[in-house]
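Asks: Provide a 3D model corresponding to the input given below.
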Amino acid sequence: MVTASVLFAAMGAFVYQVKLWDHDASPLTASFVRVAVNLVVVIILASRRSLVRGILDLFGDMRGSLWARGFFGTLSVMGMFTGIHLIGLGEASFLHSFNAVWIAALSPFILGQRNTLLGWGAIGLGILGLYLLYQPEFRDSGFIGRSVSLASGAFAGTAYMMIARAGRSNPTLTVVFYFCLVATVIHLAWFYLDHFVWPVDVRSWILLIAAGLFASLAQIFMTKAYQSAPAAMVSAASYTTPVFNLVVSVFIFGLLPNKQSLAGAGVVLIAGIALPFFQSQRISKTSHDVPAEMTDR
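Replies: Residues are numbered from 1 along each chain as shown. Have a look, this model is predicted:
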């Protein structure tokens, strides 16, 4: 998950630079290029021996959680990119981080993964760190942007839990494929129904394609993480993404953080490192009592 966070931070830097070059372009065009490139990469990886056989294998067991992962993941990405466009990266990112709380709240019911009190405390500490890191300003004029960003966090949390469910009987590429496929279809339908503006700067297209490639690798690492560990633990590790975003902001865009931002980054790291230790005892006690529908087939 930490590796995925590094890759997502690089993707975010590319997308932010495109916004500076093509500020009139529709925000969803960037998310569309990202998922379209991701889809092509997945198909290429799956079709190294046979194109037809590779594509058929990508559909896996077609269980409902695969389609749900694609649907909720798409809404999350579209909401996040729209939120950044409306209220900026900092505030949108903080609201999007609601996904960690959402996962912790629903994991006991959807995934059968109970949380300790210390685990809840670590997650809350991570949210506090994000608040310090991004210093959001909730203005009345940004009601739509805030609402969309908060919803994107809930959608992301739901999508991540679907990854944990679907990944128990499907390979990583299959889970990523459903996200890319559903996202591409929904974006195309949205563009058909609504007006949009493509980027005009050639450099923007180069960076968007690069963002798609980085996102492809990040998706694979993130999916593998949710297949390999409890969702609440992985979501806590994802708190490193804003820390890496802070590093990118300083060394690439020259945005120097203040002491409060640095304190927030430190709190996020402490929370992400502490949670696995807080949860390990509960996990070991429940690892042999997993619902039947959650086991591998």
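Asks: ok, which stretches of the chain are strands?
Replies: In chain order, the chain shows no strands, with DSSP state E as the criterion.
Asks: Report how many residues lie close to the nearest residue to Met161 once chain neighbours are set aside.
Replies: Computed as C-beta to C-beta, 6 or more residues apart in numbering, the closest residue to Met161 that is not its neighbour in sequence is Ile110, at 5.1 Å. For glycine as for every other residue, the C-beta is placed from the backbone atoms N, C-alpha and C. Residues within reach of Ile110, counting by other C-beta atoms under 10 Å, total 17.
Asks: Phe196 too?
Replies: As a burial measure, the neighbour count of Phe196 was computed by other C-beta under 10 Å and equals 14.
Asks: Let me see the contact set for it.
Replies: With contact taken as C-beta atoms under 8 Å, 6 or more residues apart in numbering, Phe196 is in contact with Ser26, Leu28, Thr29, Trp190.
Asks: measure it to Phe14 for me?
Replies: Counting by C-beta to C-beta, to the nearest Å, the gap from Phe196 to Phe14 is 19 Å.
Asks: just Leu128 next, same as before
Replies: Taken as C-beta to C-beta, the spacing of Leu128 relative to Phe14 amounts to 29 Å.
Asks: Please look at Asp24 and Val197 and confirm they touch.
Replies: Yes - using C-beta atoms under 8 Å, Asp24 and Val197 qualify as a contacting pair, with a distance of 5.8 Å.
Asks: Dump the contacts of Phe196 to JSON lines, plus neighbour count.
Replies: Written out in JSON lines, the entries for the contacts of Phe196 read as follows (neighbours: other C-beta atoms under 10 Å):
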{"residue": "Ser26", "neighbour count": "20"}
{"residue": "Leu28", "neighbour count": "19"}
{"residue": "Thr29", "neighbour count": "20"}
{"residue": "Trp190", "neighbour count": "15"}
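Asks: the more surrounded of Leu128 and Phe14?
Replies: Each of Leu128 and Phe14 had its neighbours counted (other C-beta under 10 Å), and the higher figure belongs to Phe14 (23 against 14).
Asks: can I assume Lys41 is in contact with Leu213?
Replies: One correction, residue 41 is Val, not Lys. Yes - in this structure, Val41 is within contact of Leu213 by C-beta under 8 Å, at 6.8 Å.
Asks: Show the low-confidence segments of the stretch 51-200 of the chain, by residue range.
Replies: Counting by pLDDT under 70, the ranges of the stretch 51-200 of the chain that qualify are 88-91, 111, 113, 115, 130, 133-142.
Asks: where's Pro171 relative to Leu66, distance?
Replies: When Pro171 is compared with Leu66 (using C-beta to C-beta), they lie 11 Å apart.
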